[in-house]
Structures are given as structure tokens and as C-alpha cells.
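I need the structure of the sequence given here:
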Amino acid sequence: MSSIRALIVDDEEPGRINLRFALQDHPDWQIVAECASVATAREVLEQQAVDVIFLDIQMPRETGLALARSLSLSLTTATTPPLIIFVTAFNAHAIEAFELHALDYLLKPFDDQRLTQALERAAAMLKLRQQASYAQALGNYVKAEDEAKNATPAYWQQISVRSIGRIECIQLDDVLWIEAAGNYMQLHLEQSQIQNQSQNPSQHQIQRQVLHRVSLSQLEKHLDPARFMRVHRSAIVRCDQLTQLDVLGDGVYQLVLTNRDKVAVSERYVAEVRRRMHDGLRPA
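Numbers count the residues shown, from 1 in each chain. Okay, here's the model as predicted:
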């Protein structure tokens, strides 16, 4: 792969200098320009091709979010969007938003290891030509931030999940249930048809499971409670998947879903599960 063309956008000169010196240890990266404002960055982007933007968030006049917004609005299937590595001082909301949308960020002051990780992720995405999926994730992030700013939040219809060298946008209509898995959550998705390549070709079902480094509590705030419900501290299920509630012992409950997965139910959620199941069985 040829050199990766990078643009640094930060209103503070020490921030630009620190990043410039840090990138000198990565010969595959070439800094095409350094900008102290969003307006200057726009001028550079009109004149030069850029692969990755290191973008500070808090800047006077226009914030980094304003540039991200304009880039997401201008993207079409015919364009190749630059990847953005957001650079920010500690801000709990901003960091949570980046993680929820699988976007990369550097938290000031960052160390060499964290920078290397961000660079490797960006290089892998560029190598696999994943800019289109990244553009979709960026658009979802900007939309969510605008809704939060305008106090008109809407429940999500899809989420962005990062895996090695790529970002995948997963429709929530395809998610059957979600469980906690350490520092991750695991999405259990609709089954897909896979053809058996033996002498007698046939179709069999497999169920995808996808890990995302976000907590259940973070995601739950963005899920429509009419479609998803918490049934356990470690599980959220799609309401139309409830089929059977079993009592395994004193205060021990288990939910059986339409795909036959079994999910533990906490006693505090049992009444609501029963209500949802009852309502779901009512004739239209």
C-alpha cells in the first residue's frame, strides 16, 4: 500500500506538533497539511486527496463535529470519504458516542500504543476498502449527535459494529437478542441460509453472533422499548421473539425464544415478560 495521506486539524499548535512528531515513527504515514481551523481544513480537502483526518472536536468558530457533519452530508456512492480519527480531551459523552458508533478516537494526551492501535485500524480499513461502511457509520453518528443537541432523540434502527479492518452496519430488525459478554456485548442475529457443498447440496441454517465493545446499558438507551426489553442484567431480547417462559425453580426463570435460544430472566422482569407475552397473544 502507498503512503497514507493524513490531515491534522487542531486549533492548538502543541496538539498539532505532538501528533506530527508522533507520526514520524510511522513512515507509511504522510502529513499533507496541518490546519488550525475547520475552514482551512475544508480548503485543503478541496485541493488535495486525503485518506485520514485527525480531527479535534472542541475548536472555536466551528467544531470538529461541524466538519464531520459536512463530510457525511456530502458523501455519495461515487466518493471515497476520508476516515476520521477524532482527537479530544476527556468527555464522557463524546467517548461513549464514538464507541457506540464504532468510530476511532484519541484521548488527549494519548500514548504511543494507543496511537499505533488507531493507525493500524485505519490502515486495515483502507486496505480492505471499507470507506463506504465507515461513511454510513459516520452519518449515523452525526445524525444521533444532531438529534441529541436538538432534544429530539429517535430510537436507532441500526448499529455500527467494528471488527478487524472493517465496520459493519447491522439492522436492529435482524437482532434477536443481545447478551453481555465481559466488556463486550454479543448480538444474536437472524439465521441465514448457507448451502451445503456436498454431493447433495442442501440449505442449512446458521445463526450469526457478533461482538461489539459496548455495554448493554449504553445501547439500551437507544433501543425502542416497544421493540426490545431487558429481561436480565446480562440480556435484552426483541419482544416479538418471546414464546415460552419456564419456571426452573424458586425464583429461577428461563425464556425460550422463537429460534429456541434460552435466556435467563431475573425475577424483577418476570411480570413484564408475562405481560408482553400475553399482549402478544391477543387477537388483532
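
So which residues of the protein form helices?
Using DSSP state H, the helices assigned to the chain run over residues 13-23, 38-47, 64-74, 92-100, 112-127, 131-149, 216-220, 270-281.

Let me have these in JSON lines, adding mean pLDDT as columns.
Converted to JSON lines, the helices of the chain look like this (pLDDT from 0 to 100):
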{"stretch": "helix 13-23", "mean pLDDT": "93"}
{"stretch": "helix 38-47", "mean pLDDT": "94"}
{"stretch": "helix 64-74", "mean pLDDT": "86"}
{"stretch": "helix 92-100", "mean pLDDT": "86"}
{"stretch": "helix 112-127", "mean pLDDT": "91"}
{"stretch": "helix 131-149", "mean pLDDT": "84"}
{"stretch": "helix 216-220", "mean pLDDT": "89"}
{"stretch": "helix 270-281", "mean pLDDT": "85"}
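
pLDDT at P283, what is it?
On the pLDDT scale, P283 is placed at 44.

Let the chain start at 59 from now.
Okay, using 59 as the starting number, the last item reads as P341.

thinking again about what came up before, could you dump the helices of the chain into CSV and include mean neighbour count and distance to C297?
Backbone N, C-alpha and C define where each C-beta goes, glycine included. As requested, these are exported to CSV (neighbours: other Cβ atoms under 10 Å; distance: least, Cβ to Cβ, whole Å):
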stretch, mean neighbour count, distance to C297
helix 71-81, 16, 47
helix 96-105, 16, 43
helix 122-132, 18, 32
helix 150-158, 16, 22
helix 170-185, 16, 35
helix 189-207, 18, 23
helix 274-278, 16, 14
helix 328-339, 13, 6
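
Can you list the neighbours in contact with stretch 207-220?
The contact list for stretch 207-220, computed with Cβ atoms under 8 Å, 6 or more residues apart in numbering, reads 158-161, 179, 191, 194-195, 198-199, 202, 205, 225-231, 245, 268-271, 277, 280-282, 285.

which residue packs closest to the most centrally placed residue in the chain, ignoring adjacent ones?
Geometric centre of the chain, nearest residue: H159, 2.6 Å, by Cα atoms, centre = their mean. Distance criterion Cβ to Cβ, 6 or more residues apart in numbering; nearest residue to H159, sequence neighbours excluded, is Y199 at 4.0 Å.
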